[in-house]
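> Just to be clear, the model below is a prediction. Sequence and coordinates:
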Amino acid sequence: MYQIVFSDKITKQLLKISRTNKDLSLRIRKIVSYLQLDPNHPSIRLHKLKNTQYWSIAVGKSIRIRLRINNNQIFLLKIGTHDEVY
């Protein structure tokens, strides 16, 4: 199992989402739990971003989370649309 670490930026973003979009907030929680247990779970579509140290996972069709993996820690950095995250 991996340890999930939330950046200050994504923490603020997630608080805003939890107040404004309960359905999205629940989907994010589900995806993060999959990530914590098994980063290769097919529903999260984990992939490395070209020429960077970052990775990305999908939360539905339009929302992405940018992250960094270091040993057994996964640092969640930013959430948003494809254009906002990349």
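Structure's in. What do you need? Numbers count the residues shown, from 1 in each chain.
> can you pull the buried residues of stretch 62-73?
Across stretch 62-73, burial judged by 16 or more other C-beta atoms under 10 Å covers 63-67, 69. For the C-beta atoms, the positions are set from N, CA and C on the backbone; glycine is no exception.
> what about the residue lying closest to residue 10 once chain neighbours are set aside, how many residues close to it?
Once flanking residues are discounted, residue 10 sits nearest to residue 76: 4.9 Å by C-beta to C-beta, 6 or more residues apart in numbering. Here the number of neighbours of residue 76 (other C-beta atoms under 10 Å) works out to 22.
> cool, and the one 10 residues further on?
The burial metric for residue 86, expressed as a neighbour count using other C-beta under 10 Å, is 14.
> And for residue 23?
9.
> how close does it sit to residue 36?
Going from residue 23 to residue 36 by C-beta to C-beta, to the nearest Å gives 21 Å.
> what about the helices in this structure?
8-20, 22-37, 82-85 (DSSP state H).
> Take the ones you listed and lay them out in CSV including distance to residue 58.
Shown next, in CSV, are the helices of the chain (distance: least, C-beta to C-beta, whole Å):
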stretch, distance to residue 58
helix 8-20, 15
helix 22-37, 8
helix 82-85, 9
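> Which stretch among the ones you listed approaches residue 1 most closely?
Set against residue 1 and scored by C-beta to C-beta, these come closest in helix 22-37, at 6.1 Å.
> tilt between the closest one and helix 8-20?
For helix 22-37 against helix 8-20, the angle by axes from the mean of the first three to the mean of the last three C-alpha atoms, to 10 degrees is 140 degrees.
> For the chain, which element, helix or strand, carries the lowest mean pLDDT?
Between all helices and strands in the chain, the lowest mean by mean pLDDT, DSSP states H and E belongs to helix 82-85, at a mean of 89.
> separation between the residue most central in space within the chain and residue 33?
Among the residues of the chain, the one closest to the centroid is residue 65, at 3.3 Å (C-alpha atoms, centre = their mean). To residue 33, residue 65 is 13 Å away according to C-beta to C-beta.
> Also residue 27?
Taken as C-beta to C-beta, the span from residue 27 to residue 33 is 11 Å.
> Nothing else from me, thank you.
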